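Peer 1: Please work out how this folds:
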Amino acid sequence: MPHAFFDSPIPVARPEAQQPDATQDRTHSRPVSQLESVVVALLDELDYGVILLREAVHVVHLNHAARGELRSGHRVEVTDGVLRAHRAGDAAALGEAMAAAHRGLRRFITLGADDERLGVALIPIGTPGAANAGLTMAVFGRQRLCERISVQWFARAHGLTPAECTVLELLCEGLDPREIARANEVGMATVRTQVTSIRSKVGADSIRGLLHKVAMLPPMVSSLRC
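Peer 2: As a prediction, this is how the structure comes out:
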C-alpha cells in the first residue's frame, strides 16, 4: 500500500528556477519533500478519513483516519494499490463516482448497508496541465460527532469536572440521559444535575444546543495512535 504523498511533486518555486525578491515569502522556495511532510501531517490531524488518489483510482496517500476505516474492513479496501468497494453492490457506484471525479466532477455516494453506511465525497483537486493534475480526494464522513480528544479539550476549556466530561462524551456518542444513568450506575437525578451543570458552563439552552457546539469543534486527532 503506497504511503508516498505524491508520485509527482506539486510545483513550487525553486531558488534555481526563480530568484525571489527580498520581500517575497521565502516559504515558497522550501524543498518539496518538506512541503509534503507538512501536508501529510496536516491530513493526519483531520478526523475525516482522506485518501489521495491518482487518476481517481490509484492510492498515493491515506491519512490516519482513512487507515482506521480500512482496518474496519466494512466498506472500502485497497487492493493492488487501487481503492475498491468492499461490497459488490457498491462497486458500480464507487466506480462511477471515481470516473466522474477523473473528469473534474464532484460526487457524493453512500457505501455499506444498514448501520454501517458511510458517506464518501470524491473531490477532484489540482490544476489542469500542472504536475498535480489528476489528483482526487476521497473524503469519508465522520463515524462519530467528533473525536473524544476534542470533547475532552472542550470540557477542560469550560471547566467541566471529570464526571461531567464523561457525561458529555456519552451524549456525543448518542446516549440519552436514561442510558447514561445506567452506564454510569447512577440515578437519573444525578445525570440531570450533571447535564444542567454542563449546559450552564458551556452556555447551551438545551442538549441539542450543547451537541451543536461540540459538532462545531475543530478536528483534533489523538496522538495516542497504533
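Peer 1: from here on, contacts and neighbour counts on C-alpha atoms
Peer 2: Will do.
Peer 1: you'd agree residue 49 is up against residue 137?
Peer 2: No. Contact criterion CA atoms under 8 Å: residue 49 and residue 137 do not qualify, at 9.9 Å.
Peer 1: could you point out which element follows the longest strand along the chain?
Peer 2: Taking DSSP state E as the criterion, the chain has its longest strand at strand 118-125. Downstream of strand 118-125, the first helix or strand assigned by DSSP states H and E is strand 135-140.
Peer 1: Would you indicate which residues of that next one are buried?
Peer 2: 135, 136, 137, 138, 139, 140 (16 or more other CA atoms under 10 Å).
Peer 1: before we move on, what about stretch 189-205?
Peer 2: So for stretch 189-205, counting by 16+ other CA under 10 Å, buried means 191, 194, 195, 196, 198, 199, 202, 204.
Peer 1: Stretch 172-179 too?
Peer 2: Those would be 172, 177, for stretch 172-179 by 16+ other CA under 10 Å.
Peer 1: Using PDB, write out every CA atom in it.
Peer 2: Below are the C-alpha coordinates for stretch 172-179, written out as PDB (Å, rounded to 0.1, in the frame of the first residue of the first chain):
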ATOM      1  CA  CYS A 172     -21.800  12.800  21.900                       C
ATOM      2  CA  GLU A 173     -22.000   9.000  21.400                       C
ATOM      3  CA  GLY A 174     -25.700   9.200  21.100                       C
ATOM      4  CA  LEU A 175     -26.800   8.000  24.600                       C
ATOM      5  CA  ASP A 176     -29.800   9.700  26.200                       C
ATOM      6  CA  PRO A 177     -29.800  10.600  29.900                       C
ATOM      7  CA  ARG A 178     -31.500   7.400  31.000                       C
ATOM      8  CA  GLU A 179     -28.900   5.300  29.100                       C
END
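Peer 1: ok, residues contacting it?
Peer 2: Contacts of stretch 172-179 with the rest of the structure, by CA atoms under 8 Å, 6 or more residues apart in numbering, involve 144, 145, 146, 171, 188, 191, 192, 211, 214.
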